[in-house]
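Undergrad: One predicted model, sequence on top.
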Amino acid sequence: MKKNLTLLVTIALTSFYFSIALAQDETSKQKNENTYQLLNLFGDVFERVRATYVEEITDEQLIESAITGMLTSLDPHSSYLNAKNFKDMQVQTRGKFGGLGIEVTMENGLVRVVSPIDDTPAFRSGVKAGDLISHLDGKAVQGLTLAQAVELMRGKVGTDIKLTIRRVGAEPFEVNITRAVIPIRTVRSRIEGDIGYVRISSFSALTGTGLKQAMKKLNAELGDKMKGLVLDLRNNPGGLLDQAIAVSDTFMDQGEIVSTRTREKQDYTRFNARKGDLSNGKPIVVLVNGGSASASEIVAGALQDHKRAIVLGTKSFGKGSVQTIIPLSGRGAMRLTTALYYTPSGRSIQKVGIKPDIVVEQARVESLAQRGLLRREVDLRGALNNGNGPEKKSTSPSDSPTSKGESQPSDQAKQANRQDFQLQRALDLLRGVYFFNSNIETDKG
């Protein structure tokens, strides 16, 4: 009897699991059939456009546009990179390229040299700040965009280019320059009296190394006289996650820097600081504004949550998503949003941003904010939710990415700083904190 009962139970359980497997197979089969039908629909549309569209269009254009549409429909940051765009992105994130070593802008249709980078081909060839470049290899730059002119100046390492230069007080002359590997300078530093100032414009592969060099230089020049540090992340659109972690780690001895979570909530990764605060515990003020996004917000959020820095300025952009670059077979790549990141306290800043500890507007910003001309992550069509539950409509004032905070010649820097209200408040705050701490130590003594 027991044997028969055991047999019946075994048969029943086997039938049950077999039924589930069949049901799953049926569901899977149904999904596959629906997918094939939709792919057939795509094929029909593709053939119809190819055959009857009013203008000639290549298969490559149609397919790339379809892929672009698929990815951009997901969220504002997922996208398709064709072969050229993928190569350009790799240049930016690697932090170096073949070029001349000059920072340029456009002025009255000519390329104006903002400054030559130290120890680069342009610097060694005698190119100076303020020079105007009228021709590249004998061809006029008039009518070119800045991007087009820069593209012509970049090229294979070891190749030559001829610049025609106009300089105040001199006749136009030509300079032959051989292209070399040029590091993209994302970190700049200078001394503001008794305070160190570091500006990070983006997060490329060399940013962490550049910051360490900047801190070494500031510590050597100021030593114990340094009263604090300003870390300027305004208008920094972000970049590589590992470099945001490296920058945060530069000013921390321990603790979590950031965590990332995929759509599988249990699938998360934590990144922690290692011992070695290069600022030696000095007070830090982090400057942010509406142009501070992604990796910038990781740094600001980590230092803010650990009470390691005071965040000053206006609310940041609010891009709290992680994009993974996935190379595609044959050509290009796709940038796909694969996770959200969270600050050490568990905050998702997606569509919310980093709220400063001290709100300081830039004077020119207020009129732009009142007119609603500024956009953040929350304003973008299809922006992802932040994973923190119901969202509240933001009512905080926004700001304009006005002050770049870039390193300039000292006289120009002083003039710019006088007009940079946020930076002046940061310097005042650090001096006040130093004075306050000094008084406490004196009283204890």
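TA: Yes, it's here.
Undergrad: what about Lys84, helix or strand, and which?
TA: helix 83-94 (DSSP states H and E).
Undergrad: Can you give the distance of that helix from its chain's centre?
TA: 14 Å (CA atoms, centre = their mean, to the nearest Å).
Undergrad: so what strands line up beside the helix or strand just after it?
TA: Where DSSP H and E defines the elements, the next helix or strand beyond helix 83-94 is strand 96-99. Looking at strand 96-99 with DSSP bridges, its partner strands are strand 180-183 (antiparallel).
Undergrad: Any figure for the gap between Thr324 and Glu47?
TA: Thr324 sits 33 Å away from Glu47, going by CB to CB, to the nearest Å. Any C-beta I mention is one placed from the backbone N, CA and C, and that applies to glycine too.
Undergrad: picking that back up, now do the buried residues in the helix holding Lys84.
TA: Phe86, Val91, Gln92, Thr93 (16 or more other CB atoms under 10 Å).
Undergrad: Then stretch 108-125?
TA: The neighbour-count check on stretch 108-125 (16+ other CB under 10 Å) flags Leu110, Val111, Arg112, Val113, Ser115, Pro116, Ile117, Thr120, Pro121, Ala122, Phe123, Ser125 as buried.
Undergrad: And the residues you listed, which is closest to Asp420?
TA: Looking at the buried residues of stretch 108-125 and their distance to Asp420, the nearest is Ser115, at 19.1 Å (CB to CB).
Undergrad: Touching, the closest one and Ile102? I think so.
TA: Yes: in this structure, Ser115 is within contact of Ile102 by CB atoms under 8 Å, at 7.3 Å.
Undergrad: still on that earlier bit, neighbour count: Thr324 and Glu47, which is higher?
TA: For Thr324 and Glu47, the more surrounded residue by other CB atoms under 10 Å is Thr324, and the numbers stand at 13 against 10.
Undergrad: in the sheet, who's paired with the more buried one?
TA: Taking DSSP bridges as the rule, Thr324 bridges to Leu336.
Undergrad: Can you read off the pLDDT for it?
TA: The model reports Thr324 with a pLDDT of 93.
Undergrad: In this structure it contacts Ala333, no?
TA: No: using CB under 8 Å, Thr324 makes no contact with Ala333, being 9.8 Å away.
Undergrad: all strands of the stretch 1-150 of the chain, in order?
TA: Secondary structure of the stretch 1-150 of the chain by DSSP state E, counting those that start in this stretch: the strands cover 79-81, 96-99, 102-107, 110-116, 132-136, 139-140.
Undergrad: Tell me which of the ones you listed lies nearest to Ser329.
TA: Closest to Ser329 of the strands of the stretch 1-150 of the chain is strand 79-81 (CB to CB; 13.8 Å).
Undergrad: List the contacts of the nearest residue to Thr145 once chain neighbours are set aside.
TA: Excluding its sequence neighbours, the residue lying closest to Thr145 (CB to CB, 6 or more residues apart in numbering) is Met106, at 7.7 Å. Residues near Met106 by CB atoms under 8 Å, 6 or more residues apart in numbering: Arg112, Thr145, Leu146, Ala149.
Undergrad: Now restrict those to buried residues only.
TA: Buried among the contacts of Met106 by 16+ other CB under 10 Å: Arg112, Ala149.
Undergrad: Between the contacts of Met106, which sits nearest Gly193?
TA: Among those, and counting by CB to CB, the member closest to Gly193 is Arg112, at 30.6 Å.
Undergrad: among the buried residues of helix 83-94, which one has the lowest pLDDT?
TA: Gln92 (73).
Undergrad: what number of residues lie near the nearest residue to that one once chain neighbours are set aside?
TA: Spatial nearest neighbour of Gln92, chain neighbours left out: Ser204 (6.4 Å); criterion: CB to CB, 6+ apart. For Ser204, the neighbour count with other CB under 10 Å is 23.
Undergrad: got it, and Val54?
TA: When neighbours are counted by other CB under 10 Å, Val54 registers 5.
Undergrad: Show the pLDDT at it.
TA: 95.
Undergrad: again, but for the one 3 residues further on
TA: Predicted confidence (pLDDT) for Ile57: 92.
Undergrad: Wait, it touches Phe46, no?
TA: No: with contact defined as CB under 8 Å, Ile57 and Phe46 do not form a contacting pair (10.7 Å).
Undergrad: Show me which helix or strand of the protein is least confident by mean pLDDT.
TA: helix 365-370 (a mean of 43; mean pLDDT, DSSP states H and E).
Undergrad: Excluding chain neighbours, what is closest to Val359?
TA: Thr314 (6.2 Å).
Undergrad: Near the one you found, how many residues? Count them for me, please.
TA: There are 28 residues near Thr314, going by other CB under 10 Å.
Undergrad: which among the buried residues of stretch 108-125 gets closest to Ser134?
TA: Leu110 (5.5 Å).
Undergrad: Okay, helices next: where are they in the stretch 251-400 of the chain?
TA: 295-305, 365-370 (DSSP state H, counting those that start in this stretch).
Undergrad: any idea how far the closest residue to Phe97 other than its chain neighbours is from Ala293?
TA: Once flanking residues are discounted, Phe97 sits nearest to Val91: 4.7 Å by CB to CB, 6+ apart. Using CB to CB, we find Val91 at a distance of 20 Å from Ala293.
Undergrad: before we move on, what about Ile191?
TA: Distance of Ile191 to Ala293, given as CB to CB: 28 Å.
Undergrad: quick one: contacts for the residue lying closest to Ile102 once chain neighbours are set aside?
TA: In space, and not counting its chain neighbours, Ile102 is closest to Ala122: 4.4 Å by CB to CB, 6+ apart. Taking CB under 8 Å, 6+ apart, we find Ala122 in contact with Leu100, Gly101, Ile102, Val113, Pro116, Ile177.
Undergrad: Distance to Val286 and mean pLDDT added to the strands of the stretch 1-150 of the chain, as TSV?
TA: Formatted as TSV, those follow (distance: least, CB to CB, whole Å; pLDDT from 0 to 100):
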stretch	distance to Val286	mean pLDDT
strand 79-81	29	91
strand 96-99	27	81
strand 102-107	25	86
strand 110-116	26	88
strand 132-136	37	97
strand 139-140	44	94
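Undergrad: Good, we can wrap up now.
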